Every structure is written in C-alpha cells, then in structure tokens.
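A.B. asks: below are the sequence and a predicted model for it; my questions follow.
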There are 2 protein chains.
Amino acid sequence: MGENSSPRRIRADAERSTARILEAAETVLAADATASLERIADAAGLARATVHRRFASRTALLDALAEQLSQRYLGGLAEARVKTAPPLIALHRLTEIVFDLKLCHRFAVQLTAALTPAVLDGLDLLFARLRDTGAITAVDPAWCRQVYLALLHEVHELPTDSPTLASSATAEETEAKINLLVRTTLGALGGSHGATALHSPASAASGDVRPVDHGS
Amino acid sequence: MGENSSPRRIRADAERSTARILEAAETVLAADATASLERIADAAGLARATVHRRFASRTALLDALAEQLSQRYLGGLAEARVKTAPPLIALHRLTEIVFDLKLCHRFAVQLTAALTPAVLDGLDLLFARLRDTGAITAVDPAWCRQVYLALLHEVHELPTDSPTLASSATAEETEAKINLLVRTTLGALGGSHGATALHSPASAASGDVRPVDHGS
DNA sequence: CGTAACTGCGATAGCACTGTTTCAGTTAGT
DNA sequence: ACTAACTGAAACAGTGCTATCGCAGTTACG
C-alpha cells in the first residue's frame, strides 16, 4: 500500500487539494460531463495548474474519480451485508447507502463500464440471492444490474420539489424515493426472464401481450 | 411545412443531402454524442462544408435531429393507435415501432427534454389508459415515461450477440427484446406481478415497503 | 442547353481546452 | 528556522473543432 518508491515526500496539504479536486469534479461533472478542467478547478477554489499538478491528465482525473466511486460502492456493498443479510433487506439497505452517495450517479451511469469488477460481482451476487429467494425471476445478472442502475438514475433525477409539501421534507422524500426504487426494481425483474431467455424463440414468437400469467 | 418565404429555389439534390446528413448524424451521434461534424460528414459521404451549408450551426443540426425524432415518435404513437386500441396492445405495438426506429435512442435519452410535448402527451395518455385498465398502478405519468424510456435504452443496449446462436437471428432476438421490455415496464410500474403481488412477509421484514405515492 | 444551384477542396480565422513551464510567494514538516 | 514542497498567476505551444469564404467543377431543372 505505502508508496515509498520516491524520495519526494508528499505533504498533507497536497492530499487535501486532491480531495477537494475530486469533490469538485463530482459535482461539476454530474451537471455536465464535458465540463472543462478550469470549471472544476474553479469549483474547487484552486488554480487550473494545480489540477494538472495533482493529475497528469484529464483521463487520469476521470480514472481516479471512477476508482473512488467504485471504492464507495464497494464499501456500500459491504455495509449492506450483501453476502449474508436477507437479500431484500440488503437491497433496501444498499439503496439507502447508494442514495447517500448521490454524488455523481449521472457520471456513474455514463461510466457503468468503469465500475470495478468487484462491484459488479457484488451486485450480481445480490441479485442471484434475490432470485434464489423468489423475490425476482430475472436470470441474467447483467440485465439486473443495468435495470437497477438505470432506475436508480431515473429516481435520482425525479423532481425534488414535492408539489404540496414544503422544500424541507428531504428526509421523507428520499425515504419515499428509496422505497419507490426498491419496489420498481423488484417489479421490473419480477416477471421477466432476463436476456438469457433470448434463445427461446418459441415463447417469444407467441407474442404474449398479456402480462405473464405466472401467478405468484 | 412548406417554406416558400425565400425566392431561392431549393434543389432536390440538396434535400437529399440534408437527409443523408441527418441519417449519418443519427448513427454517428448514437455511438458518440460528442462526435465532430467532420465525422458526421464523413459518414454521410459529404464534405464538412456541405454540412455547414445545410445547417447553420451544430445546434441547428441537433435541433433538426430532435425535431425529426419527435416526428417519428409522433408517427409511432399514431400508428400504434394509442388513443383507441386496447392499451396493452398499443404498448406492445408502440414498442415494436419504436424499436424499428432504434436509431438514436441514446441520443433521445440524453435529450429527453427535447421531445415534443405532443409526444410526451401521447405517452402520458397511453400510461393513463394502462392504469385505468389495471395493467399498471403507477400514478405519475412523468415517472412512467422516464421508466419506459430508460428501460428502452437498456434493452436496446443489450448484447446483440446470442452466445450460441449465429448472428442472423436478429428478427427473433428483437421480438424477444420487445417482449422483455414490455414485461419489464409493466412490472416496474406495478403490473400484475409487481410489488403488490410480492410475498408480503419478506416485504414487511424489509422494514417499510409501503405503497409509495411519491407525489402526483 | 444554359443558368443557377449545389458540391468538393482548400484556406482562413477564431475559439476553447489541454498540457507545460516559469517564477515569486506561501505553507508544511523536521 | 530552514528547507522542500506546494500554490497562484501568467505565459506558452499545441490540438481539435466550429464557422466562413472563395473558387473551380458538377449537377439538377426549366
């Protein structure tokens, strides 16, 4: 872990700068993924040159950001006890946690491929366990992942202002959003067979318009 | 539609060029929304200058593209008899049609706000009718729209290559994808196998998955 | 056939962003 | 307190894209 390969000592000051840059990059890039480094530096209260000093190139910054994001997701997966807790509870808790890291979902969705394989594996495990308990029926883990992340993105972009409520009801609102997301995800994956069902043309050709009989 | 305000006569040749440009822009921008006009012109088999001749600016091209897309969606809504046909059938048919216009969904999702209000109204009507017939339970039309479009996007990005099948099975594959999308959408929005049909003990154990109205 | 429109090619100007460098001033760490 | 690291400011070169123009050749349309 420790990097002592260079005699150059890394001052705590610099460390704080990189943190501020990453933080600013999250917020700025969430609004506009093509924002310039100058805007990021501006948002961080630093000079543009400093950004280049901390990160060799723009892609390096993006990589670091993705890395940090993956790390947080990984922490969320661990905190939600995805491996051990009852899957439905784990899903709900994970959603809560991820919602707290509501930082750059837009960015995350764009760079879904940039998520660490470990994160993907964790999600896959969660959905596999959900399927084992009968909460969902979708088979393809990739499909489950994509649906969950896409719905997470949409829920996160819902208008924050409740029509009749005051603007201070954020706690209740996020709670409602989390429930909505969990319910919607389960419903979406509840009756479908996932992408692997593509190899059964017979059932597909039947064109069953009516919702799947599958009486639960 | 007819623009005779200018004495300048518009040759049929030029009209074809604009069509080719729009067509190329669809495909190119679908892959990379920040592609340069040169790449678009290249894909259209035209010179970059011609693009600037047909469209005053880049945003003008984007606007025209969004306009055309909205027009096609509108046509699809009409063709699917959204207003008169049984809603489930209309949804299935609309999905088929939209899938044929699989051109620039990525672009469309990015510019969801750029869709003509008429299109949004049409979708809202469809989902309202779906709810009236009990096919879904979700209330907010905007939410239904977003979920449908997001899932459309995800389904469209599913790996086209079936693991064991040859690459020529596109027809059956798209058919299966359409069914998957319809079923997933209905499930997500609270269809027959949605959250309400899930095993209640598990839901109750998860703490609080009460019916969320999430605002009208 | 002849004119006007259209096109490709090339040049040009301008803009925005990235990345590097230098220098003077400030700050952290021993 | 001294040194090395860090920073802001400002310059610089380089790149890629947009947008415009002129010119010569081609094509549609009456």
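C.D. replies: Yes, it's here.
A.B. asks: and chain A, which residues reach DNA strand C?
C.D. replies: A:9, A:11-13, A:36-39, A:48-49, A:52, A:56-59 (CB under 7 Å from any atom of the strand). Glycine gets a C-beta too; all of them are placed from N, C-alpha and C.
A.B. asks: among the residues you listed, who's most crowded?
C.D. replies: Counting neighbours by other CB atoms under 10 Å in any protein chain shown, residue A:37 leads the residues of chain A next to DNA strand C with 18 neighbours.
A.B. asks: wait, that one touches residue A:50, no?
C.D. replies: No - no contact is recorded between residue A:37 and residue A:50 when judged using CB atoms under 8 Å, the distance being 10.2 Å.
A.B. asks: residue A:92 contacts residue A:183, correct?
C.D. replies: No - Residue A:92 is not in contact with residue A:183 according to CB under 8 Å; the separation is 10.1 Å.
A.B. asks: now residue A:63: closest residue in space, sequence neighbours ignored.
C.D. replies: Using CB to CB, 6 or more residues apart in numbering or on different chains and skipping the chain neighbours, the partner closest in space to residue A:63 is residue A:114 (8.0 Å).
A.B. asks: quick check, nearest of the residues of chain A next to DNA strand C to residue A:29?
C.D. replies: The closest of those to residue A:29 turns out to be residue A:39 (CB to CB; 9.4 Å).
A.B. asks: now the helix or strand containing that closest one, how far from the centre of its chain.
C.D. replies: Assessed by DSSP states H and E, residue A:39 sits inside helix A:37-44. Here helix A:37-44 is found 24 Å from its chain centre; the criterion is CA atoms, centre = their mean, to the nearest Å.
A.B. asks: report all helices and strands that it contacts.
C.D. replies: Packed against helix A:37-44 by the contact rule (3 or more CB pairs under 8 Å, 6 or more residues apart in numbering or on different chains; DSSP states H and E) you find helix A:12-31, helix A:48-54, helix A:58-79.
A.B. asks: tell me where the model's unsure across chain A.
C.D. replies: Where chain A drops to pLDDT under 70, the residues are A:1-7, A:103-112, A:161-169, A:191-216.
A.B. asks: tell me the residues of it that contact DNA strand D?
C.D. replies: By the rule CB under 7 Å from any atom of the strand, the part of chain A lying against DNA strand D is A:7-11, A:13-14, A:16-17, A:45-47, A:49-50, A:53-54.
A.B. asks: domain-wise, how is chain A divided?
C.D. replies: With automatic domain parsing as the criterion, the domains of chain A are listed as A:13-55, A:67-195.
A.B. asks: what's the most buried one of the ones you listed?
C.D. replies: Relative to the other members of the domains of chain A, domain A:67-195 carries the highest mean neighbour count by mean count of other CB atoms under 10 Å in any protein chain shown, namely a mean of 18.
A.B. asks: right, and residue A:187 touches residue B:183 too?
C.D. replies: No - the pair residue A:187 and residue B:183 does not pass the contact test of CB under 8 Å, sitting 10.3 Å apart.
A.B. asks: sorry, back to before: so which of the residues of chain A next to DNA strand C is the closest to residue A:77?
C.D. replies: Looking at the residues of chain A next to DNA strand C and their distance to residue A:77, the nearest is residue A:59, at 26.2 Å (CB to CB).
A.B. asks: gap between the closest one and residue A:37?
C.D. replies: Distance check for residue A:59 against residue A:37: by CB to CB, to the nearest Å, it reads 11 Å.
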